[in-house]
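Peer 1: Structure for the following, please:
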Amino acid sequence: FYLIKNKIGFSLPPLKILKKQAAAIVGVALSPFGLTFSPNIILILMNKFAMIYGGEMAVACYAAVSYITMIILLLLQGVGDGCQPLISRYYGEQKHDYVKSTRQMAYGTALVLAAICMVLLFLVRGSAASLFGASAAVRAEVAATLPYFLAGFIPLAFVKVTTSAFYATEQNRFAYMLVYAEPIFLLILLLILPRLWNLSGIWIAALCSQLLTFAVSFYCIKLSPRQALHSSVPAKSAKA
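Peer 2: Residues are numbered from 1 along each chain as shown. You can find the predicted model right below:
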């Protein structure tokens, strides 16, 4: 309405160019889409297996745990989302020292934030679930379960920043691997570990899936052809 009222007008590029632009946009968009959507897949898987192996009590416990930890995970994702446009800008300007320093600053911020939240939540683990009206039995279960999820904050902090750095430097395939690795690992582990350790196997599976994704992130960095992610050497020079 604004464009029509002010007679600014708009036009579409030729179809061939439009298809190319759309493909490029979708190629990049799959990574941030996955970052947003992946936690929902994890939530569904965890609730399903919690109901199978622990019933309503386990589901209530995980609900409280997910409410508590989701706040921290959103903060960590915010660090990754915040550094992404800066890294992308410096990468496009061939300022590889700035790419490196921005990435390192994001790692430091995310890791410090994760460590602080781990300590604070561990100290209040016995009463944290009371914020959501949980019963005494659920609060006790949450206090015993929460440390499994707190231990995953550090690897998740690293993965969130690494994923953002990958798709900010046109390395979408590595970003895809990190985004979708965690739910895939989680599904595989949920099919195995609860058979060995019942309900505890579900909480262990959640932590192990995060640690495996953390390991994959190191592997992807090692395979990365662009040294801009982990050195101050320009990508073209490194390739040469």
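
Peer 1: Excluding covalently adjacent residues, which one is nearest to the residue nearest to the spatial centre of the chain?
Peer 2: Using Cα atoms, centre = their mean, the residue of the chain that lies closest to the mean C-alpha position is Lys160, 4.4 Å off. What sits nearest to Lys160 in space, not counting adjacent residues and going by Cβ to Cβ, 6 or more residues apart in numbering, is Gly80, at 3.9 Å. Placement of C-beta: from N, CA and C, glycine included.

Peer 1: quick one: what helix or strand has that neighbour in it?
Peer 2: Gly80 belongs to helix 15-92 when assigned by DSSP states H and E.

Peer 1: Next: Phe10.
Peer 2: Residue-wise, Phe10 maps onto no helix or strand under DSSP H and E.

Peer 1: Quick check: next helix or strand after the helix holding Gly80?
Peer 2: Following helix 15-92 in sequence order, the next helix or strand is helix 96-123 (DSSP H and E).

Peer 1: Run through the neighbouring helices and strands of that following helix.
Peer 2: Here helix 96-123 touches helix 15-92, helix 136-150, helix 153-168, going by 3 or more Cβ pairs under 8 Å, 6 or more residues apart in numbering; DSSP states H and E.

Peer 1: for it, which positions count as buried?
Peer 2: By 16 or more other Cβ atoms under 10 Å, the buried positions in helix 96-123 come out as 96, 98-100, 102-103, 106-107, 109-111, 113-114, 117-118, 121.

Peer 1: ok, Leu123 to Trp203 distance?
Peer 2: Here Leu123 is placed at a distance of 20 Å from Trp203 (Cβ to Cβ, to the nearest Å).

Peer 1: what's around Ser209, how many residues?
Peer 2: Number of residues near Ser209 (other Cβ atoms under 10 Å) recorded here: 24.

Peer 1: okay, it: pLDDT?
Peer 2: Ser209 is assigned 97 on the pLDDT scale.
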